[in-house]
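Enquirer: sequence and predicted structure below; questions after.
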Amino acid sequence: MKASEYRAAVAVLGLTMAAIEELFGVDQLTSRRWASGEQAVPRAVALCLLLMVSTATSVSQARILADGVDTELAKSA
């Protein structure tokens with residue numbers, strides 16, 4: 001996922017920095033690095049964002065689905 005695609009997905013979904021931190025278990029600096037292209041967006045995060053956009057999954061629905069999921073997977077993928 002390109003930085004521009006990441007920014008677009010975040011915008012379409014209306015994700016805040018706090019929501020990104022909660023859903024993916026990363027800090028705001030990591031999200032800014034993904035958005036700038038300084039750091040590659042992990043495949044697991046890209047897949048989640050693309051699926052959320054394509055299925056119109058809301059942030060609240062994603063929170064329910066992510067409850068109890070190991071966020072270390074998203075960071076290491």
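Expert: Alright, I've got the coordinates. Residues are numbered from 1 along each chain as shown.

Enquirer: would you mind naming the helix or strand containing residue 56?
Expert: Using DSSP states H and E, residue 56 sits in no helix or strand.

Enquirer: separation between it and residue 14?
Expert: 12 Å (CB to CB, to the nearest Å). All C-beta spots, glycine's among them, are computed from the backbone N, C-alpha and C.

Enquirer: next one: residue 45
Expert: 17 Å.

Enquirer: of the two, which one has the most company?
Expert: A count of neighbours by other CB atoms under 10 Å puts residue 45 above the other of residue 45 and residue 14, at 26 against 9.

Enquirer: how close does the more buried one get to residue 26?
Expert: Applying CB to CB to residue 45 and residue 26 gives a distance of 8 Å.

Enquirer: distance of the residue nearest the centre of the chain relative to residue 62?
Expert: The residue lying closest to the centre of the chain (CA atoms, centre = their mean) is residue 45, at 4.9 Å. Computed with CB to CB, the distance linking residue 45 and residue 62 is 12 Å.

Enquirer: quick one: the helices in the protein, in order.
Expert: Per DSSP state H, the chain carries helices over the ranges 3-13, 17-24, 28-36, 43-54, 59-66, 72-76.

Enquirer: could you save those helices as JSON lines and add columns showing mean pLDDT?
Expert: What follows is the helices of the chain, written out as JSON lines (pLDDT from 0 to 100):
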{"stretch": "helix 3-13", "mean pLDDT": "92"}
{"stretch": "helix 17-24", "mean pLDDT": "86"}
{"stretch": "helix 28-36", "mean pLDDT": "92"}
{"stretch": "helix 43-54", "mean pLDDT": "91"}
{"stretch": "helix 59-66", "mean pLDDT": "76"}
{"stretch": "helix 72-76", "mean pLDDT": "54"}
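
Enquirer: show me what contacts residue 35?
Expert: With contact set as CB atoms under 8 Å, 6 or more residues apart in numbering, residue 35 has these partners: 3, 6, 7, 10.

Enquirer: ok, for it, nearest residue in space, not its chain neighbours?
Expert: Spatially, and ignoring its direct neighbours in sequence, residue 35 is nearest to residue 7 (5.1 Å; CB to CB, 6 or more residues apart in numbering).

Enquirer: perfect, I'm done here.
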